[in-house]
Every structure is written in C-alpha cells, then in structure tokens.
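Chemist: Kindly generate the corresponding structure for this input.
(2 chains)
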There are 2 protein chains.
Amino acid sequence: MRIVVDAMGSDQHPGPDVAGAVQAAREFGEEIILVGDEKRIKTELAQHDTAGLALAVVHAAEVITMTDKPSVASRTKKNSSMHVGLNLVKDGAADAFVSAGNTGGILAVAMLHTLRRIRGIKRPALGVIFPIGSKPMLTDHGANADCRPEFLYQFALMGHVYVERVRGIDRPRIGLISNGEEEGKGNQLIRETIPLLAASGLNYVGNIEPKEFVQGQVDVGVTDGFTGNIILKTAEAVASYMSKTISTEIRAGVLTSVGGLLARPAFDRVRKQLDPDEVGGAPLLGVNGVVIVGHGRSNAYAIKQAVGQARKAVAQQVVDAIKEQMEKQHE
Amino acid sequence: MRIVVDAMGSDQHPGPDVAGAVQAAREFGEEIILVGDEKRIKTELAQHDTAGLALAVVHAAEVITMTDKPSVASRTKKNSSMHVGLNLVKDGAADAFVSAGNTGGILAVAMLHTLRRIRGIKRPALGVIFPIGSKPMLTDHGANADCRPEFLYQFALMGHVYVERVRGIDRPRIGLISNGEEEGKGNQLIRETIPLLAASGLNYVGNIEPKEFVQGQVDVGVTDGFTGNIILKTAEAVASYMSKTISTEIRAGVLTSVGGLLARPAFDRVRKQLDPDEVGGAPLLGVNGVVIVGHGRSNAYAIKQAVGQARKAVAQQVVDAIKEQMEKQHE
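Modeler: All right, here's what the predicted structure looks like:
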C-alpha cells in the first residue's frame, strides 16, 4: 500500500508532516510518498533515522496556503502538493492522500480537479470522528453548509459504510441529529430527511439530540456541514473551557492544589480520551479515492494517526463499498 | 409589581413551583400570583411559612401537560393555567408570567391566544442565557427552527435590548454564530443575514464560531432556534460528560481519590458556575408582555431565579424598549 502525505499541509509544514510520515512508515510498514518542496522535504528527512523505511519524495512546485481562497487556488495552482498528491491517487500510483492543509483547498482539488465524485454521489461529505465517549461519527462538519434531504440520505449511507468498515461496527446505529426527538421537531431539512432514512434499510434509530450523540447512543450522527461544524466546535470549546475553569479553581487554594496534584493522573487520562489528535483526521467521503484531512495544527503524532485512518480505509475498501451502495440504490 | 407563576408547570408540579413562588415573594418583596388548581396550590402553600408574603391564588381548571401537543392543547384547553396566567398579563392584572411547563404550549398560548406579538415582530424568539463563562445570550433556542434573515435581524435587535436592559451591558457586542469567521463561510441564511446586521447600527462584531461565543467574546450570539438549541444541548452534554468522566477517573485510584476529595471545593465552584438553575429561565422575546420559560425539571430555586429574571425585565421595561426599537426600524 502506498499513502501520500502532503508535506506542505500543516501550519508548521513541513516539520510535523515529514516527522509524522516517518513515524507512519515505521509503525505501519507501508510506503509513504511525501509530496511537496523536494529540497525542504529532504532537509527535514535528514533529521530523522529513515534507514529501512519505505519513504519516497515527489516534488510539487506550489503550495495552497491556509489563507488561499480554495476556489481560486484550486484552479490556478495546478502544481500544488494537493494537485500532485491527489493525481497520484487518481492515476493509481498511490492508494490514499493525507493532508493537514487548507480544508477548502483539499475539497476543491479533490472534488473538482482530480479524484472527482463517485458516480451517483450528489455531494461528498467531510465526516469526522467525534473525539468524545464512544467516538461516534458526524457525517459532515464542513463540506456542505446547505443541504437537501437527499444529500443527508447519502451521508447516512456513506457514514454507515465508513463506520462498519473502518471501525468494525456491525450494522452501525444511524441517528439524525435534531433539536428534539419528538415527532414534528426539527427544521424543514430534518423533517424531510426522516422518511428517506426510515425507508433506507439502514439501522436508523430515529431523531436524536446532541445529548444522545455525545453519550454514544448512535454510531453515526447524520448532520449537514453547518450543524456538524457547530456541534464539533461547541464540544471542543466547552471541553477546553471546563478544563481551564477546573484548573483555575484548583489552583485557587492550597488544599485544592494538593488535591489537583494527586488527581493529576486522572486528569491526564481524561485529556487523552478527549484528544482530537488521537482520531487523526477527517475522511472526505464520496470522492473517488481515500482522502483524510487533518487539522492545520496537527503535530507529527496526529499526522501519523491520520495515515493510520487512511490505511484502514484502503484496507477495508471503503471507496468500493460506497460505490456498491450507490449502485444498489440506483437499482 | 405582580408576577404570575404557573403552579402547574414543572415536571413535579405544583411542589417546586409553589415553593419557588414562596421564596420569590420573600426575597423580592413582590406580589406573586399562583395560577392553577386552587386546592392543590393551597395544600402546597400550607407547607410553607407564608406570613406577611404577598401571595395570591387564581384558579385554573385545566393543565397543558408535557406530552400535550402544543398546537392542539393551546386551542382546546382554554382554561389551562397558561391561558389564565397569560390573560392576567394581557389584561394588565399582572406584569409578567413565569412557567416551567411545556415550552411549545407556552409559546403557542402566548403568541397565538393571549399576549400575541409586538407590532412589527415577525417571529418571537426564545432567548436563553448560556450557562457558561460570561453568560452570553443565544437569541433563540427553540421557537423558530427555520428562519429567514429578517427574523435573525429582529432577534439581534431584541437580544440587544434584553442584554442591555436586564444585564446592564452598554452597547452589547452582537455576533452572528457561524461555522467560520472568514468571509464566504456560513450557510445561505447566515450569508444573507450579515448585510442586515452590518447595517443595523447595533454593535455588530461579525461572524463568530462557537469557541468565541463560549469564551464570551460577544454578549449576544444570534442564532435560529435549531442552531441555538444544538449549541445549548451540545454544551450541556459535553459538560455533563466531562464531569462524569473526571469523577470516574478520579475514583479509579486511591491517590487520585484522595486528590479528588481535597479538590472538591474547586469542583463545587465549577459546578455552581455551570448550573443552569442559576440562570433561571429563558425569556420569550417579541410577545406583548414579559414571559420567562423555565426547564421542566426546575426545582424551587430555579423557579425563584426565573421570577427574578421576570422582575428585572419588568423593571427595565424590556417590552416597551423592544416596541420602541420596532417603531424606530419602521421609520
């Protein structure tokens, strides 16, 4: 298996991206192709012990930066590391693409200029493994701010495939995230999506509120990209707020400070549980190839974990399975 | 000032509702009118020391329950405690209405059958004080799942008035909650609302993400009722998840358990900060009178706090101020 890592992706590129690629090559024993500025990549690689690792470098002359406008950069920077890397996947020279770069840029280059959509898919979705509890999936958290019911229906199908294959959950429970479980709740989009999911043959458990999602009562929470983003960002903000508030209050007294020191291993375990780096990247579902999108602030560990996700998605043939689902739906 | 408390509101009514009304009468020195089943209210009142308190009882023969369908019950149960109580406000016999009952029921009875909308208001909004950090306001968290830009614009105006008057914040900072701060982010509703807010003359600080809202970088976060509900419910779920996870991890070891005991006062302070009961109810903005909606699971303290909110809104003439804003916009 050959996995492309965009060396020019993360905010601090190419350091974390290259270091993560080296870790991944060592841990997974797969070939990693680093794409980007060859000279800078080789300088970085020289800092690592790469003896015996399958690491290749493919040069790309341009970089789509975090401040580039995706619609423009995807058209004009045809030699970007994203174009070059995704074309390797498209041409069969690699099996998956991992990048911690400009999310909109990756989406645009993948969907419009290289891999393109799987036949029948109306809108690819940027799924995300929610970094809390049983780590359920949100179907979209950034690709589609405005959705139609048939998009959400397809997101549910793709989420089903991804979670079943990559996480090994048989007949994953699918919930539609809404502002209440009762009949008649939800906005127009939700109310029109319910009958589609009810008739889908998926293990659809009904409308759920964010509480049920956080508690892990479903394996896939179906959302449009706007709502999914709001959920993920709210969760991250509240978790961070609580951590800070607790540590401020603990430091406010002598006894509580001592207590905090003694309890530190417990806090470390909680922090580890909630660490988004553990999850290591968001799958772009519905394009014709495996694409995993990491946070801009990814460190080497997060990049390595993202490669791990990509590897599972390739091994479990997620793209083929989505194609099969689409053909089944078509019949 | 006379404030109506719906005695048949909370899940455990009339116990918490009556006890909260008694506490409120004592703490605020205002007249409280308990509306509901007279016999049951008087039985409850007999459990309390009410000497010297201004407590009145007005009988209402029917109850809109938590499982009643609001659209039906608001039409058919014309003698409900909600109808009777809200009519007291409508007729000038009381200044405000507080209920921990069926939210949809309160909305329907207030908007369609008793108080009705303030002239010019397209949709009343169920605002909520977010129980975290600097306690900013979300403009809607349940009244309007589907909104048009002009609704959000009016929510911003009403949120401005409420926060300025009731919380005493001069020129409150207004943010539009979106999935990103960059230009071009947001769904169609958000993108169409931006120019309205930018031209509103309010202290509009732009698009914000949930993180900025949680961190208190605005005083009012403008949302439709679906998105606001998702934010509130996600925040509550994550806060509760974290509390439970931390306490499980602390109890998992002897030293960490000791640490947890020593640190308990710090945890208690955090819990108190995040307690939704402190806030005590959500203002229904845009109807022709002061209405505060409490949680179904309100205890006496939460009811008392809700009365406190109602009292401030009456004293600060929030309804008149919203009317003035509407007339100004009309000109």
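
Chemist: quick one: residue A:192 and residue A:330, what's the gap?
Modeler: 21 Å (C-beta to C-beta, to the nearest Å). (C-beta placed from N, C-alpha, C; glycine too.)

Chemist: Settle it for me: which of those two has more neighbours?
Modeler: Counted by other C-beta atoms under 10 Å in any protein chain shown, residue A:192 and residue A:330 do not tie: residue A:192 has more neighbours, with 15 against 8.

Chemist: and that one, that one's in a helix?
Modeler: Yes: according to DSSP: H, G, I helix; E, B strand; the rest coil, residue A:192 belongs to a helix.

Chemist: and it, what does it touch?
Modeler: Residue A:192 makes contact with residue A:149, according to C-beta atoms under 8 Å, 6 or more residues apart in numbering or on different chains.

Chemist: who does the helix or strand bottoming out on mean pLDDT in chain A touch, helix- and strand-wise?
Modeler: Using mean pLDDT, DSSP states H and E, the weakest-scoring helix or strand in chain A turns out to be helix A:276-279, at a mean of 73. On a contact count with 3 or more C-beta pairs under 8 Å, 6 or more residues apart in numbering or on different chains; DSSP states H and E, helix A:276-279 meets helix A:300-315.

Chemist: Give me the helices and strands touching the helix it packs on, please.
Modeler: Applying 3+ C-beta pairs under 8 Å, 6+ apart, we find helix A:300-315 packed against strand A:2-6, helix A:15-28, strand A:96-99, helix A:149-166, helix A:276-279, strand A:290-293.

Chemist: State the three-state secondary structure for the closest residue to residue A:291 other than its chain neighbours.
Modeler: Counting by C-beta to C-beta, 6 or more residues apart in numbering or on different chains, residue A:291 lies nearest to residue A:284, which is 4.1 Å off, once chain neighbours are set aside. Following three-state DSSP, residue A:284 is assigned to strand.

Chemist: gap between residue A:284 and residue A:294?
Modeler: In terms of C-beta to C-beta, residue A:284 sits 11 Å off from residue A:294.

Chemist: Those two: who's more crowded?
Modeler: Neighbour tally, residue A:284 and residue A:294, criterion other C-beta under 10 Å: the higher count belongs to residue A:294, 32 against 25.

Chemist: residue ranges for the strands of the stretch 201-331 of chain A, please.
Modeler: With strands called from DSSP state E, counting those that start in this stretch, the stretch 201-331 of chain A shows them at A:204-208, A:220-222, A:282-285, A:290-293.

Chemist: pLDDT weak spots in chain A?
Modeler: Residue ranges of chain A with pLDDT under 70: A:183, A:331.

Chemist: care to break it down by domain?
Modeler: A:1-121+A:286-319, A:131-278 (automatic domain parsing).

Chemist: where's residue A:192 relative to residue A:153, distance?
Modeler: Residue A:192 is 10 Å from residue A:153, by C-beta to C-beta.

Chemist: Sorry, slip of the keys, the one I care about is residue A:270.
Modeler: Look at residue A:270 and residue A:153: by C-beta to C-beta, they are 36 Å apart.

Chemist: go on, residue A:32?
Modeler: Distance from residue A:32 to residue A:153, by C-beta to C-beta: 36 Å.

Chemist: who has more neighbours, those two?
Modeler: More crowded of residue A:32 and residue A:153, by other C-beta under 10 Å: residue A:32, with 27 against 22.

Chemist: Run through the residues that contact the residue nearest to residue A:291.
Modeler: Here residue A:284 is in contact with A:106, A:107, A:110, A:124, A:125, A:126, A:127, A:143, A:291, A:292, A:293 (C-beta under 8 Å, 6+ apart).

Chemist: let's go with 6 Å and repeat that
Modeler: Taking C-beta atoms under 6 Å, 6 or more residues apart in numbering or on different chains as the criterion, residue A:284 is in contact with A:124, A:126, A:291, A:293.

Chemist: how close does the third one sit to residue A:90?
Modeler: Same thing as residue A:291. Distance, residue A:291 to residue A:90, by C-beta to C-beta: 11 Å.

Chemist: Looking at these two, which is more packed in?
Modeler: Using other C-beta under 10 Å as the criterion, residue A:291 and residue A:90 rank with residue A:291 on top: 33 against 19.

Chemist: Wait, that one touches residue A:110, no?
Modeler: Yes: counting by C-beta atoms under 6 Å, residue A:291 touches residue A:110, with 5.4 Å between them.

Chemist: any idea which of the contacts of residue A:284 has the most stuff around it?
Modeler: That'd be residue A:291 among the contacts of residue A:284, by other C-beta under 10 Å, with 33 neighbours.

Chemist: How much space separates it from residue A:56?
Modeler: Distance, residue A:291 to residue A:56, by C-beta to C-beta: 19 Å.

Chemist: Same question for residue A:181.
Modeler: Taking C-beta to C-beta, one finds residue A:181 at 51 Å from residue A:56.

Chemist: who in the stretch 51-200 of chain A is up against chain B?
Modeler: Residues of the stretch 51-200 of chain A lying close to chain B (C-beta under 6 Å from any C-beta of the partner chain) are A:145, A:146, A:179, A:187, A:188.

Chemist: Using ChimeraX, make a named selection holding only the buried ones among those residues.
Modeler: Selection of the buried residues among those in ChimeraX, burial being defined by 16 or more other C-beta atoms under 10 Å in any protein chain shown:
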select /A:145,146,179,187
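
Chemist: Nearest to residue A:64 among the residues of the stretch 51-200 of chain A next to chain B?
Modeler: residue A:145 (20.5 Å; C-beta to C-beta).

Chemist: Tell me if the closest one really is in a strand.
Modeler: No: Residue A:145: not assigned to a strand; according to three-state DSSP it is coil.

Chemist: Now do the contacts for it.
Modeler: Residue A:145 neighbours (C-beta under 6 Å, 6+ apart): A:225, A:226, B:187.

Chemist: Narrow these to those in helices?
Modeler: Judged by DSSP state H, the contacts of residue A:145 include A:225, A:226 as members of helices.

Chemist: Let's check: the centremost residue of chain A is which one?
Modeler: residue A:282 (0.2 Å; C-alpha atoms, centre = their mean).

Chemist: what's near enough to touch that one?
Modeler: Contacts for residue A:282 (C-beta under 6 Å, 6+ apart) come out as A:126, A:128, A:293.

Chemist: That one and chain B: what is the separation?
Modeler: 14 Å (C-beta to the nearest C-beta, to the nearest Å).

Chemist: burial count for the nearest residue to that residue once chain neighbours are set aside?
Modeler: The spatial neighbour of residue A:282 that comes closest, neighbours along the chain excluded (C-beta to C-beta, 6+ apart), is residue A:128 at 4.3 Å. Residue A:128: 23 surrounding residues under other C-beta under 10 Å.
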